[in-house]
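Asks: Okay, predicted coordinates and the sequence, questions at the end:
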Amino acid sequence: MSTSAVTPPKRKYDILIWGATSFTGERLVEYLAANAPGDTRIAIGGRNQTKLEGVRARLSAKHLSVSSAIEAMDIVIGDSADAARMHEIASQTRVVASTVGPYARYGTNLVHACVDEMTDYCDITGEVPWVKQMHNELNGQAVNNNVHIASLCGFDCIPADLGCMMLAEHAREHFKKPLLHVKGSIVGIRTGFSGGTLATIGEQVSAEAKGVLSSLIASHMSLTGAGKQFQKRGMIHYDKTLQRWQTYWLMSSVNSATADWAGSVLEYGPDFEYEESMSTRGLIHAVAIALSLIYVAILAMFGFTFSALYALKIFPKPGEGPSESFIQSGFFSLRLEASTENHTFYGKVAGGSEPGYGETIKYLGESALCLAFDRDESFRPGVYPPSVIMGNALLRRLRNKDCVFKVSDEPIPSAKSSKKRV
């Protein structure tokens, strides 16, 4: 936790949306135009002046109620490969919100520039190895410069990250005990993918397909610490609390790594562990999903696979994404089962729009606003997950935007509606 001055630097802009021509970037422009305070100074940035002007004009015409806010957004041009230009850009704004992935390819120069220029930063990457690399390279300097670099601010990994933080605080306040273990289950979801997200997944999985196969096939929970009180769960298992068959959840390794990292920094409890799976309709459904994931992981070993899927229009290309109606009809629901030495209690994290874009944009937008306007002594400088940096300030913002984060002493049942089931 910072003990140094937290007064943000005086800059031309409060928030720069980096990658505003991407599918996600455009939605962030819309979100901040509608939800930022009226006097917020926002700029949009990327490589192509013409495309950025097109985004601004198109969104201004589409959203007449906030057209003046969109038209007032300046355009900032730069290339992520140009380190000097990234420094020039970072020096102009208090906060950068980046939607340009894969971040391991396009994000490093920008994060280095933000740390050097004392500019706060947030993004929606799920690339934990890259985030850990940035932490190893830059955390000391970020702490000295009182800079907050908050990656992982999308659907990967806000629900697990803030959900575990919420449960750890409940354990301390109500039971006076450390949190030892949290088991998460996606009990309902309707989601889609954009081309940019798939490109990121393709790059990560292609590089690490053998590891993905190993994690899919192997049991994904160790039996150390709190895990000893839980039966070892494999890729497919039956959850007695939920009374549903569980299988591997695609982003479980990302979310577990993030929650475990935050738990270590925030000292939830000794050997704290988070694990995550997905509920299914039954055993046959669980097996079918598991086999499908193994098949995808095998295909991803071959570099031409994603190119072929783009060419055949099976996957959307970068810059494309789901329709507005699909985004509004989406949802997700995550159930959490937490344990201390003597107590078991429960949590729920849920969202009422498509998680990859409806909820992710809300998470990223509120993270940017939180960094820009809520900074106080509780914010921890450095390169960390969002719970470590923003904590309850971000949690309050998301709850105020109808994001569900709740704790219960009793198991929280899955929704009865067919819409809410996997």
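Replies: Looks like it arrived, so ask away.
Asks: And the residue of the chain positioned farthest from its centre, how far from residue 254?
Replies: Residue farthest from the centre of the chain, counting by Cα atoms, centre = their mean, is residue 342 at 31.5 Å. Plainly put, residue 342 is 31 Å away from residue 254 if you go by Cβ to Cβ, to the nearest Å. C-beta coordinates here come from the backbone N, C-alpha and C atoms, glycine included.
Asks: Next: residue 360.
Replies: Distance of residue 360 to residue 254, computed by Cβ to Cβ: 13 Å.
Asks: ok, these two, which is more surrounded?
Replies: residue 360 (25 against 21; other Cβ atoms under 10 Å).
Asks: Do I have it right that that one meets residue 155?
Replies: Yes - applying Cβ atoms under 8 Å, one finds residue 360 in contact with residue 155, separated by 4.8 Å.
Asks: Next, show the common contact partners of the two.
Replies: Taking Cβ atoms under 8 Å, 6 or more residues apart in numbering as the criterion, residue 360 and residue 155 both touch residue 124.
Asks: What's the local residue count around the closest residue to residue 132 other than its chain neighbours?
Replies: Closest residue to residue 132 apart from its sequence neighbours, by Cβ to Cβ, 6 or more residues apart in numbering: residue 261 at 7.9 Å. By the other Cβ under 10 Å criterion, the neighbourhood of residue 261 contains 22 residues.
Asks: How is residue 261 assigned, secondary-structure-wise?
Replies: helix (DSSP: H, G, I helix; E, B strand; the rest coil).
Asks: show me what contacts it?
Replies: Residues in contact with residue 261 (Cβ under 8 Å, 6+ apart) are 132, 384, 385.
Asks: Can you tell me which of the residues you listed are buried?
Replies: 384, 385 (16 or more other Cβ atoms under 10 Å).
Asks: Make JSON lines from the contacts of residue 261 and add distance to residue 112, pLDDT and secondary structure to it.
Replies: Below are the contacts of residue 261 laid out as JSON lines (distance: Cβ to Cβ, whole Å; pLDDT from 0 to 100; DSSP: H, G, I helix; E, B strand; the rest coil):
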{"residue": "132", "distance to residue 112": "15", "pLDDT": "97", "secondary structure": "helix"}
{"residue": "384", "distance to residue 112": "16", "pLDDT": "98", "secondary structure": "strand"}
{"residue": "385", "distance to residue 112": "19", "pLDDT": "98", "secondary structure": "coil"}
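Asks: quick one, phi psi at residue 240?
Replies: phi -70, psi -30 (degrees, to the nearest 10).
Asks: can you start the count at 185 instead of 1 from here on
Replies: Sounds good: first residue 185 from here, last item residue 424.
Asks: Identify each buried residue in stretch 240-253, please.
Replies: 240, 243, 244, 250, 251, 253.
Asks: May I have the strand or helix carrying residue 323 exported as PDB, CA atoms only?
Replies: Element membership for residue 323, per DSSP states H and E: helix 312-328. The C-alpha trace of helix 312-328 is given here as PDB (Å, rounded to 0.1, in the frame of the first residue of the first chain):
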ATOM      1  CA  VAL A 312      -0.800 -14.100 -17.400                       C
ATOM      2  CA  PRO A 313       2.800 -15.000 -18.400                       C
ATOM      3  CA  TRP A 314       3.100 -11.500 -20.100                       C
ATOM      4  CA  VAL A 315       1.700  -9.800 -17.000                       C
ATOM      5  CA  LYS A 316       4.100 -11.600 -14.800                       C
ATOM      6  CA  GLN A 317       6.900 -10.600 -17.100                       C
ATOM      7  CA  MET A 318       5.900  -7.000 -16.800                       C
ATOM      8  CA  HIS A 319       5.700  -7.400 -13.000                       C
ATOM      9  CA  ASN A 320       9.200  -8.800 -12.900                       C
ATOM     10  CA  GLU A 321      10.700  -6.100 -15.100                       C
ATOM     11  CA  LEU A 322       8.800  -3.100 -13.900                       C
ATOM     12  CA  ASN A 323       7.200  -3.600 -10.500                       C
ATOM     13  CA  GLY A 324      10.000  -1.900  -8.500                       C
ATOM     14  CA  GLN A 325      10.100   1.100 -10.700                       C
ATOM     15  CA  ALA A 326       6.300   1.300 -10.700                       C
ATOM     16  CA  VAL A 327       6.200   1.300  -6.900                       C
ATOM     17  CA  ASN A 328       8.900   4.000  -6.800                       C
END
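Asks: so how far is that helix from its chain's centroid?
Replies: On the basis of Cα atoms, centre = their mean, to the nearest Å, helix 312-328 sits 17 Å off its chain's mean C-alpha point.
Asks: elements contacting that helix?
Replies: Counting contacts by 3 or more Cβ pairs under 8 Å, 6 or more residues apart in numbering; DSSP states H and E, helix 312-328 is packed against helix 287-290, helix 292-300, strand 332-334, helix 436-450, strand 566-568.
Asks: wait, doesn't residue 429 sit right on residue 419?
Replies: No - in this structure residue 429 lies outside contact range of residue 419 using Cβ under 8 Å: 11.3 Å.
Asks: returning to what we had before: what sits closest to the residue farthest from the centre of the chain if chain neighbours are left out?
Replies: Once flanking residues are discounted, residue 526 sits nearest to residue 361: 6.8 Å by Cβ to Cβ, 6+ apart.
Asks: Just the pLDDT for that neighbour.
Replies: You'll see residue 361 listed with a pLDDT of 96.
Asks: Quick one: neighbours of it, just the number.
Replies: So residue 361, with other Cβ under 10 Å, has 14 neighbours.
Asks: Could you pull up the residues touching it?
Replies: By Cβ under 8 Å, 6+ apart, the contact list for residue 361 reads 355, 453, 524, 525, 526, 527.
Asks: Nearest to residue 300 among those residues?
Replies: The closest of these to residue 300 turns out to be residue 453 (Cβ to Cβ; 35.9 Å).
Asks: Please report how far that closest one lies from residue 361.
Replies: 8 Å.
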